[in-house]
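Enquirer: Model the following, please.
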Amino acid sequence: MKTKNLVFTSIFIALCFIATWMIKFPISFGWGYIHFGDSVVILAGMLLGPVYGAISASIGSALADYASGYAYYMPATFIVKGLLAFSIGFAYKNLIGEIRNNAGTLRVIYHIAGAIVIVVGGYFVTDLLLANLLIVDAEGATPLAYAAFGLPWNAIQAGFGAVVSLLLYVPLKKPFESMYEQ
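Expert: Here you go, the predicted model:
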């Protein structure tokens, strides 16, 4: 691992943690919170590439779950955020010529929308498993209803992260472009 890759991966681990743990807005009904962490996760994939982006997203986001009192979400967060950053990084690494020339913008937006499905789907499955394991009885709600209740909140969270990351990508992309040339 090159020194710059190690340094940037470590920085993005810290950024994922801070953006998720410190800068958050609680969602009513006690259903988690909206945070800037997903924007950093997506940026990690865009700027660091699939492998280093996934490493930083997985570790930083899982640590934020632990620090926030959501330790039972750590395994799912590790997988979901890692897959999100990896899929974005993979698309960017393989579309780098088009992205540098801004010709692949529409394809990248489609890819980000697809990656959002990873977050919403991943946490739906997680909530379904947790509801079944913990035998959640929220006023007679079934585990499926419990998991479905989180769908819009997770979609809002992932969409917020995608929009913020797209806004931040343009000014940040130039210094990171050499990382794809490994």
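Enquirer: If you drop the residues flanking it in sequence, what lies closest to Asn5?
Expert: For Asn5, ignoring the flanking residues on the chain, the nearest one in space by Cβ to Cβ, 6 or more residues apart in numbering is Tyr52 at 5.5 Å. Just so you know, the C-beta spots here come from the backbone N, C-alpha and C atoms, and that holds for glycine as well.
Enquirer: swap that for Ser56, sorry
Expert: Leaving out its chain neighbours, the residue that sits closest to Ser56 by Cβ to Cβ, 6+ apart is Phe12, at 3.5 Å.
Enquirer: so which strand or helix has that neighbour?
Expert: helix 3-21 (DSSP states H and E).
Enquirer: Could you list the buried residues of that helix?
Expert: For helix 3-21, burial by neighbour count (16 or more other Cβ atoms under 10 Å) applies to 5, 8-9, 12-13, 15-21.
Enquirer: And stretch 23-39, by the same measure?
Expert: Counting neighbours by 16+ other Cβ under 10 Å, one finds that the buried residues in stretch 23-39 are 24, 27, 32-39.
Enquirer: and Gly114, how many neighbours?
Expert: Applying other Cβ atoms under 10 Å, we find 12 residues neighbouring Gly114.
Enquirer: which is the next helix or strand following whichever strand or helix holds it?
Expert: Secondary structure assignment for Gly114, by DSSP H and E: helix 105-134. For helix 105-134, the following helix or strand on the C-terminal side (DSSP H and E) is helix 143-149.
Enquirer: what is the mean pLDDT for that next one?
Expert: For helix 143-149, mean pLDDT is 84.
Enquirer: Give me the buried positions along that helix.
Expert: 143, 146-147.
Enquirer: Can you name every helix or strand that it contacts?
Expert: On a contact count with 3 or more Cβ pairs under 8 Å, 6 or more residues apart in numbering; DSSP states H and E, helix 143-149 meets helix 105-134.
Enquirer: list the helices and strands the helix it packs on packs on?
Expert: helix 37-48, helix 74-94, helix 96-100, helix 143-149, helix 151-176.
Enquirer: Next, format the buried residues of helix 143-149 as a markdown table and append distance to Leu63.
Expert: Listed next are the buried residues of helix 143-149 as a markdown table, based on distance: Cβ to Cβ, whole Å:
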| residue | distance to Leu63 |
| --- | --- |
| Pro143 | 28 |
| Tyr146 | 26 |
| Ala147 | 24 |
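Enquirer: Fine by me, thanks again.
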